[in-house]
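# got a sequence here, can you model it:
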Amino acid sequence: MRALGSGRDFNDFLSPYVQTHAWFSGRDPYAALTLRDLWPDIPRPDFVLKESANGALAAQRGIPSPYLTTAFPLLLPVAELPWGIAIWVWVFLCVLAVFVVATILSYMAGFRRYSQPALLIFLSALLFAPVHTAIAAANIFTISFAVGMLATFCLIRNHPTLAGILLTFAVALKPTVALPFVIYALASRNRAKVILPAVAMGGLLLSIAMIPSHGTTLWLKSFVANDDTMFAAGAIDDFSTANPLHFQLINLQTALFPLLQNRTLTQFGAILVFVVLLVLWFRAMRRNWQLDLLDLAILASVALLPVYHRFTDAGLLLVPVAWALSELQGNLRRFAAACLLLASPFLVPGATMLQEFSERSALVHNLSRSRSWDRFILPHQSWLILMICLVLLAAHHRTQSKLIYSGRESRRVPGSTTSAGVGSGGM
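Modelled structure (predicted):
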């Protein structure tokens with residue numbers, strides 16, 4: 001209902017909707033004047049006219065949105081509908097996508113359909129504040145998330161060709177959300193069978209995307225210029241405290257900048273943390289090469305750290321939540337409980353609430369003037385994601401250590417056929 005209400009005014013889908021129309025008609029989809037001219041038949045906010053004229057629309061509002069041109073062919077079936085119908089269809093797809101994600105997570109967790117643990121995963125999806133925000137804003141996140149999960153499901157069910165095609169769709173829609181699923185596919189045993197159809201579909205999408213522009217690179221320059229404007233110091237996507245809305249971001253740069261006070265060091269620090277965590281996961285994973293829900297949970301959490309992510313993208317944490325629910329009665333229950341505890345603050349939009357209270361409550365306002373406010377309190381979601389990553393990696397290390405220990409013990413059993421198989425596999 002919130003999404004349909006915003007559909008009469010302004011939401012996250014409106015910009016890609018208009019941009020798809022612009023692309024299909026051969027106009028620059030990243031130009032502010034194009035967005036202004038093709039605005040649908042709903043009240044146009046005053047800021048659109050003013051900021052499209054003075055060039056501040058991208059920096060202050062984040063529109064036209066910096067989606068890849070390859071996303072527009074995928075959005076065309078919905079974008080060709082009149083806005084009043086398109087927003088209903090899009091919101092339905094967003095809600096459906098959440099149930100698709102929950103269903104696949106229940107399958108990967110090994111839960112029976114309609115069992116109590118499976119219902120807990122559905123309940124978690126319905127309670128998660130990032131999911132609420134994504135649907136209410138009609139954000140493309142839920143669709144990209146669902147497509148990535150469908151690709152993973154196809155990979156598990158040994159359909160690598162379809163998995164590669166779906167991965168390409170997820171990347172085309174929102175690459176930052178598709179990142180963990182791409183890494184998961186590349187680390188799987190079927191990666192060679194996934195890459196070829198993914199590359200082929202990517203080439204096809206790129207070719208289709210270039211048709212309206214007659215193959216020119218004009219839109220690429222416009223896209224890069226728009227992207228640079230949005231991430232400039234003080235702009236809407238800037239992670240530094242110069243951006244008054246930086247608290248809406250959850251990537252690690254938001255937490256590191258108040259400590260380092262240097263943009264270059266902050267970028268380097270976030271990437272370094274991401275690489276170190278990824279290497280730790282890879283070193284443990286390569287001992288077994290058997291990917292499961294814990295591996296996807298690690299990748300979904302780690303992928304939130306190094307690149308731009310808003311609060312809606314924290315919906316990826318549903319993957320570690322599903323893993324934790326599957327391990328509450330197992331040997332890793334302490335790690336699972338810690339993961340759920342760290343994820344529980346995402347039941348509310350914490351940073352937004354803190355910012356609101358700082359303007360209404362004298363106590364919180366005084367707290368907001370302390371050093372710890374920008375360093376730890378306001379960016380607490382970024383720190384929580386980092387701690388979730390560490391907990392999941394510790395659980396992964398415990399699991400791999402037990403597998404290695406079990407393998408060594410089995411090799412000590414005289415005449416055991418299992419031990420011979422493990423020995424030859426280890427060699």
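# first vs last residue of stretch 371-389, how far apart are they?
With CA to CA, to the nearest Å as the measure, stretch 371-389 spans 26 Å from end to end.
# which other residues reach it?
Stretch 371-389 has contacts (CB atoms under 8 Å, 6 or more residues apart in numbering) with 241, 247, 249-252, 254-255, 258-259, 273, 277, 298, 301-302, 304-305, 311, 314, 317, 320, 339, 342-343, 345-346, 350-351, 354-355, 367-368. (C-beta placed from N, C-alpha, C; glycine too.)
# would you mind writing the CA trace of stretch 341-354 as CSV?
The C-alpha coordinates for stretch 341-354 follow below in CSV (Å, rounded to 0.1, in the frame of the first residue of the first chain):
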residue,chain,number,x,y,z
LEU,A,341,21.3,-11.3,17.3
LEU,A,342,23.5,-9.2,15.0
ALA,A,343,20.8,-9.2,12.3
SER,A,344,17.9,-8.3,14.6
PRO,A,345,18.5,-4.5,14.5
PHE,A,346,17.6,-4.6,10.8
LEU,A,347,14.0,-5.3,11.9
VAL,A,348,13.8,-1.5,12.1
PRO,A,349,15.3,1.3,9.9
GLY,A,350,17.7,2.1,12.7
ALA,A,351,19.9,4.9,11.1
THR,A,352,16.9,6.7,9.8
MET,A,353,15.1,6.5,13.2
LEU,A,354,18.2,7.8,14.9
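# so what does the host helix or strand of Tyr17 touch, helix or strand wise?
Using DSSP states H and E, Tyr17 sits within helix 14-24. Counting contacts by 3 or more CB pairs under 8 Å, 6 or more residues apart in numbering; DSSP states H and E, helix 14-24 packs against helix 32-37, helix 71-79, helix 83-108.
# what's the shortest one packed up against?
Using 3+ CB pairs under 8 Å, 6+ apart as the contact definition, the elements that helix 32-37 packs against are helix 14-24, helix 46-54, helix 57-61.
# export the ones you listed to JSON lines and tack on mean pLDDT?
Formatted as JSON lines, the helices and strands packed on helix 32-37 follow (pLDDT from 0 to 100):
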{"stretch": "helix 14-24", "mean pLDDT": "94"}
{"stretch": "helix 46-54", "mean pLDDT": "85"}
{"stretch": "helix 57-61", "mean pLDDT": "90"}
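# any idea which of those helices gets closest to Tyr114?
When these are compared by CB to CB, helix 14-24 sits nearest Tyr114, at 35.7 Å.
# other residues contacting the closest one?
Residues contacting helix 14-24 (CB under 8 Å, 6+ apart): 28-31, 34-35, 38-40, 63-65, 67, 69, 71-72, 75-76, 78-80, 83, 86, 138, 140, 209, 212-213.
# 6 Å instead?
For helix 14-24, contacts defined as CB atoms under 6 Å, 6 or more residues apart in numbering pick out 29, 34-35, 38, 63-65, 67, 72, 75-76, 79, 212.
# between the helix holding Tyr17 and helix 83-108, how many degrees?
Helix 14-24 and helix 83-108 are oriented at 110 degrees to each other (axes from the mean of the first three to the mean of the last three CA atoms, to 10 degrees).
# skip the chain neighbours and tell me the closest residue to Asp295.
Among residues not flanking Asp295 along the chain, Met285 sits closest, at 6.2 Å (CB to CB, 6 or more residues apart in numbering).
# now the stretch 201-350 of the chain, which segments are flagged as low pLDDT?
214-218, 286-289 (pLDDT under 70).
# what about the helices in it?
218-230, 253-260, 263-285, 293-302, 318-326, 333-343, 350-360 (DSSP state H, counting those that start in this stretch).
# show the subsequent helix or strand relative to the last one.
Of the helices and strands lying after helix 350-360 in sequence (DSSP H and E), the nearest is helix 362-367.
# quick one: buried residues of that following helix?
Val364 (16 or more other CB atoms under 10 Å).
# contact partners of that helix?
With CB under 6 Å, 6+ apart, helix 362-367 has contacts from Phe357, Ser358.
# same check on stretch 67-75?
Residues outside stretch 67-75 that contact it (CB under 6 Å, 6+ apart): Pro16, Thr20, Trp23, Ala172, Leu173, Leu205, Leu206, Ile208, Ala209.
# and those residues, which of them are buried?
Buried residues within the contacts of stretch 67-75, defined by neighbour count using 16+ other CB under 10 Å: Pro16, Thr20, Trp23, Ala172, Leu173, Leu205, Ala209.
# now those residues in TSV, with distance to Gly269?
Conversion of the buried ones among the contacts of stretch 67-75 to TSV gives the following (distance: CB to CB, whole Å):
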residue	distance to Gly269
Pro16	32
Thr20	37
Trp23	37
Ala172	30
Leu173	29
Leu205	34
Ala209	35
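# ok, those vs Gln329, which is closest?
When the buried ones among the contacts of stretch 67-75 are compared for distance to Gln329 (CB to CB), Leu173 comes out closest, at 36.4 Å.
# now do that closest one against Trp83, distance only.
Plainly put, Leu173 is 20 Å away from Trp83 if you go by CB to CB, to the nearest Å.
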